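In: Could you look at this predicted model? Sequence included:
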Amino acid sequence: MESKFPISIKELTDLMQVQLKPDEQQEFLNRHGHIEGLCKKLQVDTQTGLDSNDKSDLDSREAQFGRNEIPPKPPKSFFHLMWEAVQDTTLIILIISAVISLALSFYHDPSQKADEEFSQIEEPNVEWIEGAAILIAVLVVVLVTSFNDWSKERQFRGLQSKIVSLYSNH
C-alpha cells in the first residue's frame, strides 16, 4: 500500500507515548519540524484542521492510520470477578478465622482425660460447624458480589453499545 502521508503510525504512536515526557516530546517534534512540520506531514491545516466533508481524505487516513478509537477492554470473567471479591480485607480475615476454627475443632489434646461421668456418653463432634458456617458465608458473599459486578458490567456494555450505535447512525 502506497503511503499518502510521510509519517507512519508507529511514529504517531511514539508521539503519544512521549506525551508526558517533555524532553522526549520536544526531541520528537524537532525531528518532524515542530507542530507545523507534523501538520504538513499529516496534511492538516493548522488553523482549520481536517475537512469532515471530504470523505475520500477521511477514508485514506483511516486506511493508513486505522480508526480513531480506543478498543474496548475484554470483559472480566466471572472467576476473575470472584477473585477480586475475595481480595476484600474483611473476607480474608474471615477466611483465616474459619480455617483456624476448623483446625482447632479437629484437634483434641490426648493428655486431657474426660470426666468419668461423661465418658460413657458419646457426643458427636460438631465443633467444625462454626468454621464451615463462616466459609459458607464467605462463599455466599463472594458469589453475590461477583454476580452483581458481572451484571453491572454487562449492563454497562449494553448501554455503551446503544450509545455507539446511536452515534454511528448519525
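Out: Perfect, thanks for sending it. Quick caveat, the model's predicted, so the values are computed rather than measured.
In: Quick check, central residue of this structure?
Out: Lys76 (6.8 Å; C-alpha atoms, centre = their mean).
In: Which of the helices or strands spans the spatially closest residue to that one that is not a sequence neighbour?
Out: Once flanking residues are discounted, Lys76 sits nearest to Glu153: 6.7 Å by C-beta to C-beta, 6 or more residues apart in numbering. Heads up, the C-betas are built off the backbone N, CA and C, glycines and all. Taking DSSP states H and E as the definition, one finds Glu153 inside helix 128-168.
In: what about the residue nearest to Lys76, neighbour count?
Out: Counted with other C-beta atoms under 10 Å, residues neighbouring Glu153 total 13.
In: what sits against it?
Out: Glu153 makes contacts with Pro75, Lys76, Leu81, as judged by C-beta atoms under 8 Å, 6 or more residues apart in numbering.
In: which residues touch stretch 14-24?
Out: Contacts of stretch 14-24 (C-beta under 8 Å, 6+ apart): Gln25, Phe28, Leu38.
In: Please repeat the previous calculation with a cut-off of 6 Å.
Out: Gln25, Phe28 (C-beta atoms under 6 Å, 6 or more residues apart in numbering).
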